[in-house]
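A.B. asks: Take this sequence and fold it.
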Amino acid sequence: MTYGDILVAQGLVKSYGGVRALDGAGIRLRGGEVHALVGENGAGKSTLVRILSGALAADEGAVRLAKDTRIAAVSQELSLFPDLTVRENLFPHQPPRRLGLLDRGAMDRAARPVLAELGLDADLGMELGELTLADQQLTEIARAVLRRPRLLILDEPTSALPAAAVDRLERVLHTLTGRGIAVLYVTHFLEEVMRFAQRVTVLRDGQVALAGVRRQEVDVPELVSAMLGGRPEQPPRRSRTVVDLPPPVVLSEVSVPGKLADVTFTVRAGEVVGVAGLQGAGHLSALEVVCGRTAVSAGRVDIGGHGRPHSLRDAVRAGVAFVPSDRKRYGLMVDRTVWENTTAVSWLALGRGGFVPSRSELVRRTVDLTERLRLRGGPYDLVARLSGGNQQKVVFAKWLATEPRIVVLDDPTRGVDVGVRGEMHRIVGELAAGGAAVLIASTDLAELTEVCDRVLVFVRGRLTGEVHGERLTEHALAVAMQQGTSASG
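C.D. replies: Numbering: from 1, shown residues only. You can find the predicted model right below:
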């Protein structure tokens, strides 16, 4: 059966300050179809979804809805209440009442057909927190379906689901579109686009790069090209001298329940190795294993010749430096001075050498580090008063003070400007040239191509390939992250 347009959006513009999140974007959603929306981080997907769902007003443009169209949205972060029953979660607003009391019978009669349709067999009276994550996700979808929408927006619905649950979601989508519902499916997983969607729209830099093309008319590499655009490839990287010694980072057949499965790799001294993957792919879990922040259930881990670290402190003692992505939560004491932050690990926390130097000596060491990093700020300045880029330099300084043999970087240049980014990359190169083994994750594929000798690609918890040499480009990385393929020069 053919259904008409449910929603048509045209010429949408949305700016935040001087930055345009959307620049003339639009989309056409038809009943009975799954329409995938894809794009890189920052492409404008979230802004578009918020405008379509009515949570945000556009600066310009128009959104037209078919008559009597209800819209329901299921966000990536579940908005459920684990301490309440399944029934109470399904009817959080204006539940059926009889004589002023909750009408549980009416609630159950309305809910059971929907739950059966979605393949969710759950006791409506049990606490939601007792369900698996997959069943909680289906409960949220059921709650949305109970609102009888004509348009259902699903934002990254499979980011934390196992393969069996993804199979079940496919059946759910088929059921919903069979009833004429339009589904806007926002995802990073292009394999799901090719599997679920009838049409796909690609956003790039707030504009539409591909508009509602039929799934059969594109393949994954073409979608990746549309997402990335015609960016120039990076120039050849400088060759680095890798130290011919036992590698300081060794993971052999390592497994972490629900995160990693049989992962094996090494990082040698003098080498910069990237890890890449979509959300939940396992690459960040690999970094946590190296830093002692995640326990393994199987396999061998040897960090700096000291075996497996059982904590971040263990890892630091084995020569690991860890620069986190969330610098304010994990990397800095923003209410303290620069010198207190830069010496917090090497001297104040670890007592390097069995004693703590004088304050003047700690300040002198801080000055040496901040000059090396070209930090704009003195040792007595409060970190809270520094710019974001200079705060990140303080994080680097703190860990450089430990004279690390292994440097683990998680999105090290997130939120900094181009100039600071270049200085960070210079420091990474100097660390490798000095014999450190560097392991880096980044949400910016261009960063990985700029600084890494090779990049390990993770897909759904498994190390599926490696990209290196002349083939280490953004496009090759993006395709490998979607398809689990390797590329080498």
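
A.B. asks: Could you use CA atoms for every contact and neighbour count after this?
C.D. replies: Fine.

A.B. asks: quick check: domain ranges of this structure?
C.D. replies: According to the domain assignment given by automatic domain parsing, the chain is divided into the following structural domains: 5-228, 249-483.

A.B. asks: most packed of these?
C.D. replies: Stretch with highest mean neighbour count among these: domain 249-483 (a mean of 20; mean count of other CA atoms under 10 Å).

A.B. asks: For that one, what is the distance to the chain centroid?
C.D. replies: If you compare the mean C-alpha spot of domain 249-483 with that of the full chain, they lie 17 Å apart, counting by CA atoms, centre = their mean, to the nearest Å.

A.B. asks: contact partners of stretch 306-316?
C.D. replies: Outside stretch 306-316, the residues within contact range by CA atoms under 8 Å, 6 or more residues apart in numbering are 289-295, 300-303, 318, 321.

A.B. asks: can you give me the end-to-end distance of it?
C.D. replies: When the termini of stretch 306-316 are compared using CA to CA, to the nearest Å, they are 11 Å apart.

A.B. asks: Counting by contacts, list what the least confident helix or strand in the chain by mean pLDDT packs against.
C.D. replies: Here the helix or strand of the chain ranked lowest by mean pLDDT, DSSP states H and E is strand 101-102, holding a mean of 78. Helices and strands touching strand 101-102, by 3 or more CA pairs under 8 Å, 6 or more residues apart in numbering; DSSP states H and E: there are none.

A.B. asks: Each with direction, which strands does that strand pair with?
C.D. replies: Partner strands and pairing direction for strand 101-102 (DSSP bridges) are strand 97-98 (antiparallel).

A.B. asks: The partner strand - what's its average pLDDT?
C.D. replies: In this model, strand 97-98 carries a mean pLDDT of 80.

A.B. asks: all helices in the stretch 101-250 of the chain, in order from the N-terminus.
C.D. replies: 104-118, 133-145, 163-178, 190-196, 220-228 (DSSP state H, counting those that start in this stretch).

A.B. asks: Now do the same contact list for Ala281.
C.D. replies: Residues in contact with Ala281, defined by CA under 8 Å, 6+ apart, are 259, 458-462.

A.B. asks: run the last query once more with 7 Å
C.D. replies: Shown here is Ala281, whose contacts under the criterion CA atoms under 7 Å, 6 or more residues apart in numbering are 458-461.

A.B. asks: I'd like these as a markdown table, with pLDDT and distance to Val8 appended.
C.D. replies: As requested, these are arranged in a markdown table below (pLDDT from 0 to 100; distance: CA to CA, whole Å):
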| residue | pLDDT | distance to Val8 |
| --- | --- | --- |
| Phe458 | 95 | 37 |
| Val459 | 90 | 35 |
| Arg460 | 87 | 35 |
| Gly461 | 91 | 38 |
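
A.B. asks: Out of these, which sit inside helices?
C.D. replies: Members of the contacts of Ala281 lying in helices (criterion: DSSP state H): none.

A.B. asks: And the residues you listed, which is closest to Glu470?
C.D. replies: Lowest distance from Glu470 to the contacts of Ala281 (CA to CA) belongs to Phe458, with 20.1 Å.

A.B. asks: That closest one reaches His283, doesn't it?
C.D. replies: Yes. In this structure, Phe458 is within contact of His283 by CA atoms under 7 Å, at 5.8 Å.

A.B. asks: Pull the contacting residues for the residue nearest to Val290 when sequence neighbours are not counted.
C.D. replies: Leaving out its chain neighbours, the residue that sits closest to Val290 by CA to CA, 6 or more residues apart in numbering is Ile303, at 6.8 Å. Taking CA under 7 Å, 6+ apart, we find Ile303 in contact with 248-250, 290, 318.

A.B. asks: Using pLDDT, spot the least trustworthy of those residues.
C.D. replies: Ala318 (90).

A.B. asks: helix/strand/coil for Phe265?
C.D. replies: Counting by DSSP: H, G, I helix; E, B strand; the rest coil, the backbone at Phe265 sits in strand.

A.B. asks: Find the nearest non-adjacent residue to it, please.
C.D. replies: Among residues not flanking Phe265 along the chain, Leu251 sits closest, at 5.4 Å (CA to CA, 6+ apart).

A.B. asks: For the helix or strand where the one you found lies, which outside residues touch it?
C.D. replies: Here Leu251 sits within strand 249-256, counting by DSSP states H and E. Contact partners of strand 249-256, identified using CA under 7 Å, 6+ apart, comprise 261-268, 296-304.

A.B. asks: Just the ones in strands from the contacts of stretch 306-316, please.
C.D. replies: Secondary structure from DSSP state E places 300-303, 321 of those in strands.

A.B. asks: Export the contacts of Ile303 to JSON lines and append columns for distance to Gly26.
C.D. replies: JSON lines is the format used below for the contacts of Ile303 (distance: CA to CA, whole Å):
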{"residue": "Pro248", "distance to Gly26": "50"}
{"residue": "Val249", "distance to Gly26": "47"}
{"residue": "Val250", "distance to Gly26": "48"}
{"residue": "Val290", "distance to Gly26": "44"}
{"residue": "Ala318", "distance to Gly26": "53"}
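
A.B. asks: helix/strand/coil for the most centrally placed residue in the chain?
C.D. replies: Most central residue of the chain, judged by C-alpha distance to the mean C-alpha position with CA atoms, centre = their mean, is Gln279 at 4.2 Å. Under three-state DSSP, Gln279 falls in the coil class.

A.B. asks: Distance of it relative to Lys67?
C.D. replies: Separation of Gln279 from Lys67 (CA to CA): 37 Å.

A.B. asks: go on, Glu140?
C.D. replies: Glu140 is 25 Å from Lys67, where distance means CA to CA.

A.B. asks: isn't Arg336 right up against Leu382?
C.D. replies: Yes. Under the criterion of CA under 7 Å, Arg336 lies in contact with Leu382, with a separation of 5.5 Å.

A.B. asks: Now do Phe91, the pLDDT please.
C.D. replies: In this prediction Phe91 is given a pLDDT of 87.

A.B. asks: swap that for Val202, please
C.D. replies: Per-residue confidence (pLDDT) for Val202: 95.

A.B. asks: does it have beta-bridge partners, and which?
C.D. replies: Here Val202 sits in beta bridges with Val38, Leu210, as judged by DSSP bridges.

A.B. asks: ok, it - contacts?
C.D. replies: Counting by CA under 7 Å, 6+ apart, Val202 touches 37-39, 208-211, 226-227.

A.B. asks: Please identify which of those is nearest to Pro149.
C.D. replies: For these, the minimum distance to Pro149 (CA to CA) is 19.0 Å, reached by Leu37.
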